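Chemist: The following comprises the amino acid sequence and a computationally predicted model.
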Amino acid sequence: MKKLIAIIACVLLLSGCAAKTMVSDSNTSIISGDGVNFTKQEFFERLKNNDYTQVIVNSLYEKIAVLEGLDENTINEGANSSINELKEQYGDAFSTVAAYYGGEDTLFETMKINEIIKLLSDNYFTEHKDELIEEYIPVKAKVIYFDELEAAQAMIEEINNGTSFEMAAAHQGYSATIADTVYTDKSDISYEVKNVLQTATEPMLSNVILSVVSATDSSGNTTSANRYYVVEVTDVDPENFLDDFYAALSDDYDSTKILDSYLAKYDVQVYDQRTYDLMIQTYEEFK
Amino acid sequence: MDIKEILKKFWFVLLIAVVFVAFIVMYAVDYFNNKPVEITAKEENGQYLIYSIGDQKYTADDLYADLEDAYGTVTLYREFDRLVCDKAISTTSEMENIATNQAAALLQTYSEDELNPQLQALGFSGVDELSDYYIYLQKSLQLRTDYLKEHYDEYVAPYIEENHPKVISHILVKVADVEKVTNEDGTTSYVANPTEEEQEKLNLILEDLKVKSFADVAKEYSDDTSASNGGLLGYFDDTNTTYVEVFRNTTKTLGEGETSEVITSEYGYHIIYCNSENVDDLYGYNDFINAIYGEDVVLYNAPLLEKAKELGITIDNEKLKNSLMEQIAKQEESEGE
């Protein structure tokens, strides 16, 4: 009986040890004196009490960048370019922005991760091109609207008589820049316009599209207004504007899904309970 | 007895048994479906791994380095403060009682799931150490209070001289109809139009104040939530911005033991009493201690560093120690700007 208890105790002890991730030189003292000996291992455990999901995610991006063979120079150049953009944007206040990130070195590391995410996202989009096209149904189009039906009708008539979309819009008093933009099934645009965009099979000019929008003023009164859209679909073949499509996707695509796909691709294996518990809440492939 | 007879005789027992077994099976299925995943640690070439992906490894040392960069200074500070406070100040049964009550009150408002991450981020294991956390807060406050007592002339006396701290109580008689009046000099005052009942209540209070203690009268008549506590509002000084203007201005003029005239605010009638200006009473108020430390990071940390030196408690990791000291200096610099 005594032997049995000893064996059970050993098994329990070993299983307890196996569940704990140890840091090197774990007994090194961090704080000591007056009977206190706070070791590196205890400090490690305290540090792990923080929610360090982002630390792990960043480390994963760095590892995946290596596995995907991303060029380090490209990553550094991209990071430097982002920093230069910030310098131009903030001028003398740049040092405050850098300090917010924890200094220029940390800012550079953050920008490097952003660059890796961008490159990995592009790779992911390329690998999943067909299914993304099927899901998002991207088209390129110019979309503007008027508050008056007559203006929209006159613009369409002018385009049909050979005037360009931009010029015809300007003739109706439309002064904003008109961009040839990628619209997808998930774009935040009125249902009626989206319907026209998604059913176009070739470049085309729409008829006037009526869309009613509701707005609530500061007094809580709801008002509705008519918007008269004019749409010119310029390209329905996503192969012609893949870069623009990927750029549009990277703004609102779920980055969790992308990281999860790389975790599955390279068969991530987890050996630390706390890290697993933190990560599995967001990344279902981290197991 | 054949099966039929057994079924006939013990059908109820068998039914209970079937239900019982069904419950056990359901529980077992549920348990195994929701069983937390247990991760086994792995050691490779003398290094514990956190994860591997492809041929890339992320070790415990990598994680330690990254976490030290991200949270090292703040985590070390908390731990150092906690260890020094623990060594410097003994836990009393009064501290334990206060902490137990505070913990119980907090657990009535928040769930364990809500509190655990916050306590863990503060260096405690979770709600099982909630009382320890409250004991630590008391010790930390006491450490800083003791320091101020020892440096009275340097920090406490100048603060009292400048901001006239005091402990106050008040009685409120709510008046439903109060008129806002803009005076010729642009200031605002209030004129109450009390009902008979409201006026009668005020008269009774004024009569009773002649023969009873302020606390007893407040307890009996005040319409404020402080009534149950004898009208005690607690700490007040000239930097206060919490109370309405007329209340603040009147309170500032009161000395220890003085009771104000009846004043009118948008809430009705107030009578204010100054319980104490005695520094020993003031030390009992967190607001007083916090007001003196204000945002002076160096002053706030002085008791900690002094006590650590006295006890011989040191931070042995030079990198972390320098980073912590730099951080304290940086904060002081930024607050000085």
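Modeler: That came in fine, so what should we check first? Since the structure is predicted, the reported quantities are computational estimates derived from the model, not experimental observations.
Chemist: for the stretch 1-150 of chain A, what spans make up the helices?
Modeler: A:2-18, A:40-47, A:53-67, A:72-90, A:94-100, A:104-127, A:129-136, A:149-160 (DSSP state H, counting those that start in this stretch).
Chemist: out of the ones you listed, deepest packed?
Modeler: helix A:40-47 (a mean of 21; mean count of other C-beta atoms under 10 Å in any protein chain shown). (Glycine included, C-beta is placed from N, CA and C.)
Chemist: Where does the prediction get shaky in chain A?
Modeler: For chain A, residues meeting the criterion pLDDT under 70 lie at A:1-19.
Chemist: how close does the closest residue to A:Met204 other than its chain neighbours get to B:Glu220?
Modeler: Take A:Met204 and drop its neighbours on the chain: the residue closest to it by C-beta to C-beta, 6 or more residues apart in numbering or on different chains is A:Val233, 5.2 Å away. Separation of A:Val233 from B:Glu220 (C-beta to C-beta, to the nearest Å): 80 Å.
Chemist: more neighbours, these two?
Modeler: A:Val233 (21 against 13; other C-beta atoms under 10 Å in any protein chain shown).
Chemist: Can you name the residues that contact that one?
Modeler: A:Val139, A:Lys140, A:Ala141, A:Val196, A:Leu197, A:Ala200, A:Glu202, A:Pro203, A:Met204, A:Leu205, A:Ser206 (C-beta atoms under 8 Å, 6 or more residues apart in numbering or on different chains).
Chemist: Mind checking which of those are in helices?
Modeler: Counting by DSSP state H, the part of those found in helices is A:Val196, A:Leu197.
Chemist: And the contacts of A:Val233, which of them are buried?
Modeler: A:Val139, A:Lys140, A:Ala141, A:Val196, A:Leu197, A:Ala200, A:Leu205, A:Ser206 (16 or more other C-beta atoms under 10 Å in any protein chain shown).
Chemist: Can you tell me which of the contacts of A:Val233 end up in strands?
Modeler: Mapping the contacts of A:Val233 onto strands (DSSP state E) picks out A:Val139, A:Lys140, A:Ala141, A:Met204, A:Leu205.
Chemist: picking that back up, need the helices of the stretch 1-150 of chain A in TSV with distance to B:Ile50, can you?
Modeler: Formatted as TSV, these follow (distance: least, C-beta to C-beta, whole Å):
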stretch	distance to B:Ile50
helix A:2-18	15
helix A:40-47	11
helix A:53-67	8
helix A:72-90	23
helix A:94-100	28
helix A:104-127	18
helix A:129-136	32
helix A:149-160	60
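Chemist: For B:Phe288, find the nearest of the ones you listed.
Modeler: Set against B:Phe288 and scored by C-beta to C-beta, the helices of the stretch 1-150 of chain A come closest in helix A:40-47, at 31.8 Å.
Chemist: Distance from the chain centre to the closest one, please.
Modeler: On the basis of C-alpha atoms, centre = their mean, to the nearest Å, helix A:40-47 sits 33 Å off its chain's mean C-alpha point.
Chemist: ok, and does it reach over to chain B?
Modeler: Yes. Judged by C-beta under 8 Å from any C-beta of the partner chain, helix A:40-47 and chain B are in contact via A:Lys40, A:Phe43, A:Phe44, A:Arg46, A:Leu47.
Chemist: isn't the second one right up against B:Glu79?
Modeler: It refers to A:Phe43. Yes. Judged on C-beta atoms under 8 Å, A:Phe43 makes contact with B:Glu79 at a distance of 7.1 Å.
Chemist: ok, now how distant is the closest residue to A:Leu149 other than its chain neighbours from chain B?
Modeler: Leaving aside its sequence neighbours, A:Leu149 sits nearest to A:Tyr228 (C-beta to C-beta, 6+ apart; 5.1 Å). Between A:Tyr228 and chain B the computed distance is 51 Å (C-beta to the nearest C-beta, to the nearest Å).
Chemist: Mean pLDDT per helix and strand in chain B: which one sits at the bottom?
Modeler: Lowest mean confidence among the helices and strands of chain B (mean pLDDT, DSSP states H and E): helix B:318-336, at a mean of 72.
Chemist: possible to save the contacts of A:Val233 as TSV with distance to B:Leu63?
Modeler: As requested, those are arranged in TSV below (distance: C-beta to C-beta, whole Å):
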residue	distance to B:Leu63
A:Val139	46
A:Lys140	45
A:Ala141	48
A:Val196	52
A:Leu197	47
A:Ala200	51
A:Glu202	55
A:Pro203	54
A:Met204	56
A:Leu205	58
A:Ser206	56
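Chemist: and stretch B:158-167, what's its mean pLDDT?
Modeler: Throughout stretch B:158-167, pLDDT has a mean value of 96.
Chemist: Flag every residue of the stretch 51-200 of chain A that's near chain B.
Modeler: Counting by C-beta under 8 Å from any C-beta, the residues of the stretch 51-200 of chain A near chain B are A:Asp51, A:Tyr52, A:Val55, A:Ile56, A:Asn58, A:Ser59, A:Leu60, A:Lys63, A:Ile64, A:Val66, A:Leu67.
Chemist: if you set the cut-off to 6 Å instead, what comes out?
Modeler: Taking C-beta under 6 Å from any C-beta of the partner chain as the contact definition, the stretch 51-200 of chain A meets chain B at A:Tyr52, A:Val55, A:Ser59, A:Lys63, A:Leu67.
Chemist: How many neighbouring residues does the residue nearest to the third one when sequence neighbours are not counted have?
Modeler: Distances taken as C-beta to C-beta, 6+ apart put B:Tyr58 closest to A:Ser59, at 5.4 Å, once the chain neighbours are dropped. The number of residues packed near B:Tyr58 is 23, by other C-beta under 10 Å.
Chemist: Report whether B:Tyr58 is found in a helix, as I expect.
Modeler: No. Assessed by DSSP: H, G, I helix; E, B strand; the rest coil, B:Tyr58 does not belong to a helix; its assignment is strand.
Chemist: do you know how far it is from B:Ile135?
Modeler: Counting by C-beta to C-beta - B:Tyr58 and B:Ile135 are separated by 37 Å.
Chemist: One more: B:Leu304?
Modeler: For B:Leu304, the distance to B:Ile135 - C-beta to C-beta - is 17 Å.
Chemist: Could you do A:Lys140 as well?
Modeler: In terms of C-beta to C-beta, A:Lys140 sits 65 Å off from B:Ile135.
Chemist: Against B:Leu204, how distant is the closest residue to chain A within the stretch 151-300 of chain B?
Modeler: Residue of the stretch 151-300 of chain B nearest chain A, by C-beta to the nearest C-beta: B:Val297 (16.8 Å). Note on B:Val297: its distance to B:Leu204, by C-beta to C-beta, is 51 Å.
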